[in-house]
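Asker: A structural model of the following input is requested.
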Amino acid sequence: MEEIIKFVTEKTGLTADQAKSAVEAIKGFAKEKLPPGIGDQVSDFLDGKGGGGLAGMAEGIKDKLGL
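Answerer: Numbering: from 1, shown residues only. This is a model prediction of the structure:
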């Protein structure tokens with residue numbers, strides 16, 4: 001998540017604490033609004049978990065959707 005917080009900080013001018021709060025808010029929103037498996041994958045991706053980066057996340061989402 002540190003990489004995403006740094007990215008948000010650089011792009012927006014927010015402090016690191018503000019950027020962390022923004023990323024946490026997005027994680028919560030994703031988990032609440034997306035289907036359970038997909039919301040969890042987005043949250044894990046933002047936390048830097050799950051390996052495989054964006055491609056791994058996309059594959060997992062396709063599996064959850066049955067595509």
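Asker: what helices or strands is the helix or strand where residue 45 lies leaning on?
Answerer: In this assignment (DSSP states H and E), residue 45 forms part of helix 36-46. When contacts are defined as 3 or more Cβ pairs under 8 Å, 6 or more residues apart in numbering; DSSP states H and E, helix 36-46 packs onto helix 16-33, helix 53-65. Any C-beta I mention is one placed from the backbone N, CA and C, and that applies to glycine too.
Asker: In terms of helices and strands, where is residue 5?
Answerer: Per DSSP H and E: residue 5 is located in helix 2-12.
Asker: Quick one: work out the angle between that helix and helix 36-46.
Answerer: Helix 2-12 runs at 80 degrees relative to helix 36-46, counting by axes from the mean of the first three to the mean of the last three Cα atoms, to 10 degrees.
Asker: Mean pLDDT lowest where, among the helices and strands packed on helix 36-46?
Answerer: Of all the helices and strands packed on helix 36-46, mean pLDDT reaches its minimum on helix 53-65 (a mean of 61).
Asker: what residue lies at the spatial centre of this protein?
Answerer: Nearest to the mean C-alpha position of the chain, counting by Cα atoms, centre = their mean, stands residue 46 at 3.0 Å.
Asker: what's the closest non-adjacent residue to that residue?
Answerer: In space, residue 46 comes closest to residue 27 once its chain neighbours are excluded; the distance is 5.2 Å by Cβ to Cβ, 6 or more residues apart in numbering.
Asker: All set, thanks.
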